[in-house]
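Asks: Using only what follows, build the 3D model:
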Amino acid sequence: MPAYPREEMEAMVEHWLAVNKAAEADGNWEPMAACYTDDATYGWNYGAKENFMAVGRKEIEEFALGSEMMGLDGWEYPYVETLIDEQKGQFVGFWRQIADATRPDGSHYEVAGIGGSWFRYAGNMQWSWQRDWFDFGNAAALFMEMMTDGTLSSGMTARMERSLRPGQLPGHYPLDETPVGLWEVPS
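Replies: You can find the predicted model right below:
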């Protein structure tokens, strides 16, 4: 992996965090696709049987930043901590998942546990590789709680209903059919 100047990596992370904030404010994450190379891959695991994988900027825009974020308007994903390794050209960010909906006591619904993203930098203010992790069990439990409380958005409810029908969510693959492995990194 190539080394990059510390200042360049810091500028990329600052840019990335600013683009994230704008996406949250607009409720549209698709413009973040400009932060990826044409051949970038972006994926995560959905438990014992399924991965999500977007291959190339177009799929990242349409699937990872488009259909996967449907129903999450108003949610925030604040980065709590960031780690930069300019020698390896890598960045790791730890984030929270906080809904705009609140409980009767005024607290925001939030996915328990730790979420994060691991990136490989490709220069030119773009990522070539991203892998996310989050507590799937806690996310599912929170969505069920919000559904029971009547606070889950209609967009997320529709997305959850689509997920019950096989083949309805683009980018979702059985583990052994994922087009790029979660640990597969560009050379």
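
Asks: so where is this structure shaky, pLDDT-wise?
Replies: For the chain, the stretches with pLDDT under 70 are 1, 165-167, 187.

Asks: Longest strand of it, counting residues only.
Replies: The longest strand of the chain (DSSP state E) is strand 36-45.

Asks: List the buried residues in that strand.
Replies: In terms of neighbour count (16 or more other Cβ atoms under 10 Å), strand 36-45 has its buried residues at Tyr36, Thr37, Ala40, Thr41, Tyr42, Gly43, Trp44, Asn45. Where C-beta positions appear, they are placed from N, C-alpha and C, glycine not excepted.

Asks: Compute the first-to-last residue distance for stretch 24-37.
Replies: Taking Cα to Cα, to the nearest Å as the measure, stretch 24-37 stretches 22 Å from start to finish.

Asks: let me fix that: stretch 50-70
Replies: Using Cα to Cα, one end of stretch 50-70 lies 19 Å from the other.

Asks: buried sites along it?
Replies: Buried residues in stretch 50-70, counted by 16+ other Cβ under 10 Å: 50-57, 59-69.

Asks: Stretch 130-139 now?
Replies: Neighbour counts over stretch 130-139 (16+ other Cβ under 10 Å) mark Gln130, Arg131, Asp132, Phe134, Phe136, Asn138, Ala139 as buried.

Asks: my read: the fourth one touches Tyr46, true?
Replies: No: if you go by Cβ atoms under 8 Å, Phe134 and Tyr46 don't touch, sitting 9.8 Å apart.

Asks: ok, the residue positioned nearest the centre of the chain - contacts?
Replies: Taking Cα atoms, centre = their mean, the centroid of the chain lies closest to Asp132, which sits 5.9 Å from it. Listed by Cβ atoms under 8 Å, 6 or more residues apart in numbering, the contact partners of Asp132 are Tyr42, Gly43, Trp44, Gly115, Gly116, Ser117, Trp118.

Asks: So it: helix, strand or coil?
Replies: When classified by DSSP: H, G, I helix; E, B strand; the rest coil, Asp132 comes out as strand.

Asks: how close does the closest residue to Asp149 other than its chain neighbours sit to Tyr173?
Replies: Setting aside the residues directly before and after it, Asp149 is nearest to Arg103 in space (Cβ to Cβ, 6 or more residues apart in numbering), at 7.3 Å. Arg103 sits 35 Å away from Tyr173, going by Cβ to Cβ, to the nearest Å.
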